[in-house]
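Engineer: Provide a 3D model corresponding to the input given below.
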Amino acid sequence: MKLNRVHGIPCLIIDDESMITFREEWVQVLRSLPYEQFGDFFHSEVYPTLSDKEKKIWNKTTISNPTLQSAINAFFSSYQ
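Structural biologist: Okay, here's the model as predicted:
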């Protein structure tokens with residue numbers, strides 16, 4: 001799993017066939033939060049706006065908050 005830009009848009013790439021598009025502001029907020037608060041933010045701000053396909057991907061995926069935080073940190077490291 002990694003966070004990368006696809007056609008200029010941040011996308012959480014789960015595997016070769018599954019990805020979830022992220023908004024720039026979500027990435028910025030998640031970057032500023034401790035990973036213990038990711039779940040609350042994701043379920044209140046991100047999940048409701050996902051497409052049905054993206055919700056199915058998210059529901060099938062087990063992503064820990066520390067893993068997501070690592071992906072976000074690597075995303076910012078690669079673009080600086």
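Engineer: same for the helix or strand of the chain with the lowest mean pLDDT, what does it pack against?
Structural biologist: Among the helices and strands of the chain, helix 65-78 carries the lowest confidence by mean pLDDT, DSSP states H and E, at a mean of 89. Counting contacts by 3 or more Cβ pairs under 8 Å, 6 or more residues apart in numbering; DSSP states H and E, helix 65-78 packs against strand 2-6, strand 9-15, helix 24-32, helix 38-41. All C-beta atoms are positioned from the backbone trio N, CA, C, and that covers glycine.
Engineer: CA-only coordinates of it in PDB, if you can.
Structural biologist: Output in PDB follows, covering the C-alpha atoms of helix 65-78 (Å, rounded to 0.1, in the frame of the first residue of the first chain):
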ATOM      1  CA  ASN A  65      -3.400   3.700  11.200                       C
ATOM      2  CA  PRO A  66       0.400   3.400  11.500                       C
ATOM      3  CA  THR A  67       0.600   1.900   8.000                       C
ATOM      4  CA  LEU A  68      -1.500   4.800   6.600                       C
ATOM      5  CA  GLN A  69       0.600   7.300   8.500                       C
ATOM      6  CA  SER A  70       3.800   5.700   7.000                       C
ATOM      7  CA  ALA A  71       2.300   6.000   3.500                       C
ATOM      8  CA  ILE A  72       1.400   9.700   4.100                       C
ATOM      9  CA  ASN A  73       4.900  10.400   5.400                       C
ATOM     10  CA  ALA A  74       6.500   8.600   2.400                       C
ATOM     11  CA  PHE A  75       4.200  10.600   0.000                       C
ATOM     12  CA  PHE A  76       5.500  13.900   1.400                       C
ATOM     13  CA  SER A  77       9.100  12.800   1.500                       C
ATOM     14  CA  SER A  78       8.900  11.900  -2.200                       C
END
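Engineer: The closest residue in space to Val29 that isn't next to it in sequence - how many residues pack around it?
Structural biologist: Residue nearest to Val29 in three dimensions, not counting chain neighbours: Phe41, with 6.3 Å by Cβ to Cβ, 6 or more residues apart in numbering. Using other Cβ atoms under 10 Å, Phe41 is surrounded by 14 other residues.
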